[in-house]
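Visitor: curious how this folds, go ahead:
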Amino acid sequence: MDGQGLAAARVAFEQADYLEALALLSPLLGTTTDAAPLVLLGGALEKLGLPAEAAQAFEQAAPYAGRDADTLLSRATALYFQAGDDDRTQLIGIKLLDSMPGDATLAYVLAQSFRRTGDTTLVDLVKHDLANSDDADHLKLAGEILGESERNPLTLTVFQKLAALFPDDPYTQFKFMSVARDFCDFEAIEKLEQANADQLAAGDLSTFEGETAYSNLLRCGDERLNRLATNNPGLTSVASPATSRQRRVRQHRWGDRIRIGYLSSDFWSEHATMRLLQSVLEAHDPRRFDVTLYCYTSPHQTATDGTRSKWGRIVPLHGKTDAEAADIIRQQDIDILVDLKGHTGGSRSNILNQMVAPVQVAWLGFPGSAVNIDCDYVIGDRIVLPNSSRQSYHEKFCRLPESYQPNDPIHRVLPPAASRLSLGLPSDRFVFAAFNAARKISLTVVDRWAGDPAPFQPLGSLGDDRWRPRPQQFSRRLRQARGRCREDHLRPLDRL
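Guide: Numbering: from 1, shown residues only. All right, here's what the predicted structure looks like:
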């Protein structure tokens with residue numbers, strides 16, 4: 001194309017006459033070795049809503065564009081993604097990672113493409129670039145990718161940035177608080193909890209709409225406030241008092257044995273729930289009880305678990321909709337359905353809101369009121385369910401005499417005995433161990449430890465290097481509360 005033709009095409013483009021520009025430029029596709037008309041052609045095709053063709057033009061222009069080649073290929077990558085061509089997106093984009101390291105825009109396109117094709121392992125190639133960006137869209141995507149990676153320090157970085165970008169969004173603020181608890185970032189937790197307390201003091205209860213019930217239960221001992229934390233994404237239906245009454249009085253076929261159904265996604269022997277419950281299931285008297293496990297556990301967790309047959313009849317619900325699962329349970333005339341999940345990760349408590357059984361019970365997984373879940377009873381004890389809490393529960397109390405939580409004495413394998421010396425523990429001190437997720441260690445707990453009359457020396461935390469910042473966080477918090485803990489008291493307990 002001569003200069004005059006290119007000038008005419010550029011004028012048409014600037015006047016938004018993209019069809020005219022296209023008519024002047026389209027004969028060049030596949031023939032010219034000049035980058036300028038191909039770039040203009042790509043722009044016209046993009047404006048006309050033809051992303052695949054535009055991507056092809058930019059890709060063709062790149063070899064003749066000198067230092068701008070990578071920029072044009074990056075633009076082609078984004079357009080191929082827009083056109084749904086993930087093969088070209090990833091073929092070009094992955095090559096660009098070497099020549100455009102740290103480019104968050106390229107990372108954003110590739111991450112979306114990898115997720116669309118299910119190549120989740122390839123997302124690791126770009127998640128650091130997304131986390132290092134300050135763009136809101138990049139960080140939101142990074143948050144989705146890292147949201148379940150509780151051991152990756154990038155998660156804390158990403159949600160800290162998002163919280164700063166969206167200071168008035170309660171969902172973002174509470175997500176940051178949840179992640180900060182995973183990493184024992186007590187300074188951040190204290191600021192967030194103080195902001196929440198200020199809103200509460202001003203009579204603003206709307207902030208709780210952004211917090212999950214589980215997250216609130218970890219930090220707040222006021223059960224009146226626990227009920228306000230209603231950000232439970234998996235719970236899409238809510239039973240009314242009228243449907244609850246209808247469920248209890250509807251016709252039901254009772255049998256000679258009591259038919260008990262347990263509902264959970266944790267029916268595999270390595271999960272904490274089954275480390276507690278396995279012997280309980282095996283202890284049911286088969287002459288009196290007919291036990292069924294309604295299981296929506298992921299198949300990859302159950303494929304090689306040979307112990308499950310001892311627990312009762314297992315009915316798989318994985319892959320079924322909530323409505324289909326509810327129909328299955330109703331057809332089997334279950335008398336008592338026990339939900340072992342409540343407001344915890346992966347819960348499908350929607351099933352209970354579809355009038356499944358005449359008696360529905362909450363137990364074990366969530367030691368609080370299962371707000372908006374249709375349960376008649378909650379099983380607890382006098383500590384978890386004191387009389388003072390009754391007004392904050394819609395469920396009736398069913399209290400066990402000692403503890404609501406069983407601990408399997410048979411199937412749990414004990415480690416061999418070890419000396420304190422071999423574990424690097426002091427021989428003349430009481431060693432307090434908290435073998436639970438770090439998110440459960442609240443500011444109140446740490447401050448209580450710091451106020452203990454005896455010198456408190458935090459020895460460290462279990463786990464790999466990604467968890468190592470935590471002892472220092474403990475130390476700083478303890479120094480703030482009581483100035484007699486030093487960081488040299490801290491060391492990792494790798495051998496436990």
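Visitor: switch to C-alpha atoms for all contacts and neighbour counts from now on
Guide: OK.
Visitor: what's around Tyr393, how many residues?
Guide: Counted by other CA atoms under 10 Å, the residues lying close to Tyr393 total 18.
Visitor: ditto for the one 4 residues further on
Guide: Using other CA under 10 Å, Phe397 has 19 other residues around it.
Visitor: which parts of the one helix or strand it maps to are buried?
Guide: Element membership of Phe397, judged by DSSP states H and E, is strand 396-399. Buried positions in strand 396-399, judged by neighbour count with 16 or more other CA atoms under 10 Å: 397-399.
Visitor: what's the closest of these to Ala78?
Guide: Among the buried residues of strand 396-399, Phe397 lies closest to Ala78 (CA to CA), at 56.9 Å.
Visitor: ok, the closest one touching Tyr377?
Guide: Yes: look at Phe397 against Tyr377 with CA atoms under 8 Å: they come within range, at 5.8 Å.
Visitor: so this protein: which segments form each domain?
Guide: The record's domain parsing of the chain by automatic domain parsing lists 3-100, 153-211, 241-399, 420-489.
Visitor: mean confidence for the third one?
Guide: What that stands for is domain 241-399. Averaged across domain 241-399, the pLDDT comes to 95.
Visitor: over to stretch 215-230?
Guide: In the prediction, stretch 215-230 has an average pLDDT of 92.
Visitor: residues of it that come out buried?
Guide: Here stretch 215-230 shows 215-217, 219, 223, 225-230 as buried, counting by 16+ other CA under 10 Å.
Visitor: restrict that stretch to CA atoms and write it as PDB.
Guide: Extracted C-alpha coordinates of stretch 215-230, given in PDB (Å, rounded to 0.1, in the frame of the first residue of the first chain):
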ATOM      1  CA  SER A 215     -15.800 -16.300  60.400                       C
ATOM      2  CA  ASN A 216     -18.000 -14.400  62.900                       C
ATOM      3  CA  LEU A 217     -18.100 -17.400  65.200                       C
ATOM      4  CA  LEU A 218     -14.300 -17.500  65.400                       C
ATOM      5  CA  ARG A 219     -14.000 -14.000  66.700                       C
ATOM      6  CA  CYS A 220     -17.200 -13.000  68.400                       C
ATOM      7  CA  GLY A 221     -18.700 -14.600  71.500                       C
ATOM      8  CA  ASP A 222     -21.900 -12.700  71.300                       C
ATOM      9  CA  GLU A 223     -24.500 -15.000  69.800                       C
ATOM     10  CA  ARG A 224     -26.900 -12.200  69.200                       C
ATOM     11  CA  LEU A 225     -24.300 -10.800  66.700                       C
ATOM     12  CA  ASN A 226     -23.500 -14.200  65.300                       C
ATOM     13  CA  ARG A 227     -27.000 -14.300  63.900                       C
ATOM     14  CA  LEU A 228     -26.400 -11.100  61.900                       C
ATOM     15  CA  ALA A 229     -23.500 -12.600  59.900                       C
ATOM     16  CA  THR A 230     -25.400 -13.800  56.900                       C
END
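Visitor: that older thread, now the strand holding Phe397, how far from the centre of its chain.
Guide: Taking CA atoms, centre = their mean, to the nearest Å, one finds the center of strand 396-399 at 31 Å from the center of the full chain.
Visitor: kindly report the same for stretch 194-208.
Guide: 25 Å.
Visitor: average pLDDT for that stretch, rounded please.
Guide: 92.
Visitor: how long is it from one end to the other?
Guide: 14 Å (CA to CA, to the nearest Å).
Visitor: Gly210 reaches Phe174, doesn't it?
Guide: Yes: judged on CA under 8 Å, Gly210 makes contact with Phe174 at a distance of 6.3 Å.
Visitor: need the contact partners of the helix or strand hosting Gly42.
Guide: Element membership of Gly42 [criterion: DSSP H and E] is helix 35-47. Outside helix 35-47, the residues within contact range by CA atoms under 8 Å, 6 or more residues apart in numbering are 1, 6, 10, 13, 18-19, 21-22, 25-26, 28-29, 32, 51, 53-58, 60-62, 64-65.
Visitor: would you list the buried entries among the residues you listed?
Guide: Counted by 16+ other CA under 10 Å, those give 6, 10, 13, 18-19, 21-22, 25-26, 29, 51, 53-58, 60-62, 65 as buried.
Visitor: can you list the buried residues in the host helix or strand of Leu79?
Guide: Using DSSP H and E, Leu79 maps to helix 69-82. Within helix 69-82, the residues that qualify as buried by neighbour count (16+ other CA under 10 Å) are 69-82.
Visitor: looking at those, which is nearest Gly345?
Guide: Nearest member of the buried residues of helix 69-82 to Gly345, counting by CA to CA, is Phe81, at 32.1 Å.
Visitor: does the nearest residue to that closest one once chain neighbours are set aside lie in a helix or a strand, and which?
Guide: Closest residue to Phe81 apart from its sequence neighbours, by CA to CA, 6 or more residues apart in numbering: Thr89 at 5.5 Å. Using DSSP H and E, Thr89 sits in helix 86-99.
Visitor: and the angle from that helix to helix 69-82?
Guide: Between helix 86-99 and helix 69-82, the angle comes out at 150 degrees (axes from the mean of the first three to the mean of the last three CA atoms, to 10 degrees).
Visitor: got the contact list for helix 86-99?
Guide: Helix 86-99 has contacts (CA under 8 Å, 6+ apart) with 70, 73-74, 76-78, 80-81, 103, 106, 110, 113-114, 117.
Visitor: so which bits of it are buried?
Guide: Under 16+ other CA under 10 Å, the buried positions of helix 86-99 are 86, 88-90, 92-94, 96-97.
Visitor: can I get those in a markdown table including distance to Val238 and pLDDT?
Guide: As requested, the buried residues of helix 86-99 are exported to a markdown table (distance: CA to CA, whole Å; pLDDT from 0 to 100):
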| residue | distance to Val238 | pLDDT |
| --- | --- | --- |
| Asp86 | 40 | 98 |
| Arg88 | 45 | 97 |
| Thr89 | 42 | 98 |
| Gln90 | 43 | 98 |
| Ile92 | 47 | 98 |
| Gly93 | 45 | 97 |
| Ile94 | 46 | 97 |
| Leu96 | 49 | 98 |
| Leu97 | 47 | 97 |
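Visitor: closest one to Gly342 out of the residues you listed, please.
Guide: Nearest member of those to Gly342, counting by CA to CA, is Asp86, at 39.0 Å.
Visitor: let's have the buried residues of helix 69-82 in a markdown table, adding distance to Ala136 and pLDDT.
Guide: Output for these, formatted as a markdown table (distance: CA to CA, whole Å; pLDDT from 0 to 100):
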| residue | distance to Ala136 | pLDDT |
| --- | --- | --- |
| Ala69 | 27 | 97 |
| Asp70 | 24 | 97 |
| Thr71 | 22 | 97 |
| Leu72 | 24 | 97 |
| Leu73 | 24 | 98 |
| Ser74 | 20 | 98 |
| Arg75 | 20 | 98 |
| Ala76 | 23 | 98 |
| Thr77 | 21 | 98 |
| Ala78 | 18 | 98 |
| Leu79 | 21 | 98 |
| Tyr80 | 23 | 98 |
| Phe81 | 20 | 98 |
| Gln82 | 20 | 98 |
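Visitor: with distance to Ile145 added, can I get the residues you listed in JSON lines?
Guide: Shown next, in JSON lines, are the buried residues of helix 69-82 (distance: CA to CA, whole Å):
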{"residue": "Ala69", "distance to Ile145": "30"}
{"residue": "Asp70", "distance to Ile145": "26"}
{"residue": "Thr71", "distance to Ile145": "26"}
{"residue": "Leu72", "distance to Ile145": "27"}
{"residue": "Leu73", "distance to Ile145": "25"}
{"residue": "Ser74", "distance to Ile145": "22"}
{"residue": "Arg75", "distance to Ile145": "23"}
{"residue": "Ala76", "distance to Ile145": "24"}
{"residue": "Thr77", "distance to Ile145": "21"}
{"residue": "Ala78", "distance to Ile145": "19"}
{"residue": "Leu79", "distance to Ile145": "22"}
{"residue": "Tyr80", "distance to Ile145": "22"}
{"residue": "Phe81", "distance to Ile145": "18"}
{"residue": "Gln82", "distance to Ile145": "20"}
